[in-house]
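Just the structure for this:
(4 chains)
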2 protein chains.
Amino acid sequence: MERDTRQRRAIRRVIEEAGRPLSPQEVLKVAQVHSQRLGIATVYRTLKGLVEEGWLAQVELPGEPPRYETAAKAHHHHFQCRACGQVYEIEGCPQNVQPLTPAGFLLEGHYMVLYGQCAACVQAC
Amino acid sequence: MERDTRQRRAIRRVIEEAGRPLSPQEVLKVAQVHSQRLGIATVYRTLKGLVEEGWLAQVELPGEPPRYETAAKAHHHHFQCRACGQVYEIEGCPQNVQPLTPAGFLLEGHYMVLYGQCAACVQAC
DNA sequence: GTCGTTGCAAAGCGTTTGCAGCCTA
DNA sequence: TAGGCTGCAAACGCTTTGCAACGAC
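From the prediction side, this is the model:
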């Protein structure tokens, strides 16, 4: 990731402005507005490079393609709306995780996703 | 899933005896002991059918292929060992999840994975 | 014997890679 | 101008599907 190209500027900008985790396909679609001939291979290569640089964090939801968000954020979890599929960031963290660890096991981290309906979809129902 | 074939008996048996979630490839490998000419397509078709029947539950870990376990279990979560990759079942559940839900959102469920090292790998280190 | 099921091979689909040409520094 | 970067297309790995043969009932 040495050079500052049009494609990379477009990809970084799209993720910064999204405010939520984006999938590679979403990144491609939006970034093509700024860089018309952008290809999916470049999106994958750039996302991978930005993760390695520590600028991006990979957000893996069960059964979903990986999404990406800027890494400059505090530890947090995600909420996925079952109606619209959109992923939101949530603050806070369950406090009582350690006691769930089996005897003899070493707990190094945890991962949590909440499921339900976002405010917009609750309204729409 | 009307007929009781050699292949289906082998697949069900393998999952019942495993005691932990298995991936399709693991199921194939072990089930071939009981049914030599078993193909991967049959494994996928059977797993899908058993999930639809409610006999199997799909376990999706972030960034991992789906695994399958018998559905006749109470709500629980999983622990994945970062050293050996094995997935274990854990009992219990974080108590304070509801307060993390954003205002206006409807919480319907949650999903959690703990990461660390299993007892065997802690010993080995 | 019927027709649900199987194994094989081909097709899909998302992701990665090879390569010639492009463009940043 | 050098060589990192890009777009295209081919390759990949996992999963699904089409189809003729098989076998449970």
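
host element of the nearest residue to residue A:97 once chain neighbours are set aside?
Spatial nearest neighbour of residue A:97, excluding adjacent residues (Cβ to Cβ, 6 or more residues apart in numbering or on different chains): residue A:110 at 5.2 Å. In short, each C-beta sits where N, CA and C put it, glycine included. Applying DSSP states H and E as the criterion places residue A:110 in strand A:106-117.

domain ranges for chain A?
What automatic domain parsing lists as the domains of chain A is A:6-70, A:76-124.

for those domains, which one sits closest to DNA strand C?
Across those, DNA strand C has its closest neighbour in domain A:6-70 (3.2 Å, Cβ to the nearest atom of the strand).

Could you pull up the mean pLDDT of stretch A:91-98?
On average, the pLDDT along stretch A:91-98 is 88.

how long is that stretch from one end to the other?
19 Å (Cα to Cα, to the nearest Å).

Any buried residues in that stretch, and which?
Neighbour-count burial for stretch A:91-98 flags A:94, A:97 (criterion: 16 or more other Cβ atoms under 10 Å in any protein chain shown).

elements contacting the least confident helix or strand in chain A by mean pLDDT?
Using mean pLDDT, DSSP states H and E, strand A:87-90 stands out as the lowest-scoring helix or strand of chain A, at a mean of 90. For strand A:87-90, the packing partners by 3 or more Cβ pairs under 8 Å, 6 or more residues apart in numbering or on different chains; DSSP states H and E come out as strand A:77-81.

model confidence over the strand it packs on, on average?
When pLDDT is averaged over strand A:77-81, the result is 93.

can you tell me if that strand touches chain B.
Yes - Strand A:77-81 comes into contact with chain B (Cβ under 8 Å from any Cβ of the partner chain), by way of A:77, A:79.

Contacts only, for residue A:44.
residue A:24 (Cβ atoms under 8 Å, 6 or more residues apart in numbering or on different chains).

Show me the contact partners of the least confident helix or strand of chain A.
A:20-21, A:59, A:61, A:67, A:69, A:73, A:76-81, A:114, A:118, B:100-102, B:105.

and with 6 Å instead?
Residues from elsewhere that reach strand A:87-90 (Cβ atoms under 6 Å, 6 or more residues apart in numbering or on different chains): A:21, A:76, A:77, A:78, A:79, A:80, B:100.

And those residues, which of them are buried?
Using 16+ other Cβ under 10 Å, the buried ones in the contacts of strand A:87-90 are A:21, A:77, A:78, A:79, A:80, B:100.

Please name the bridge partners of the closest residue to residue A:109 other than its chain neighbours.
Spatially, and ignoring its direct neighbours in sequence, residue A:109 is nearest to residue B:115 (4.6 Å; Cβ to Cβ, 6+ apart). Beta-bridge pairing of residue B:115 under DSSP bridges involves residue A:109, residue B:80.

Mind putting the buried ones among the contacts of strand A:87-90 into CSV with distance to residue A:32?
CSV is the format used below for the buried ones among the contacts of strand A:87-90 (distance: Cβ to Cβ, whole Å):
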residue, distance to residue A:32
A:21, 19
A:77, 31
A:78, 26
A:79, 28
A:80, 26
B:100, 35
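
Now do residue A:15: how many residues are near it, please.
24 (other Cβ atoms under 10 Å in any protein chain shown).

ditto for residue A:53
Neighbour number of residue A:53 under other Cβ under 10 Å is 10.

which residue packs closest to it, ignoring adjacent ones?
residue A:1 (5.7 Å).

Just give me the neighbour total for that neighbour.
Residues within reach of residue A:1, counting by other Cβ under 10 Å, total 13.
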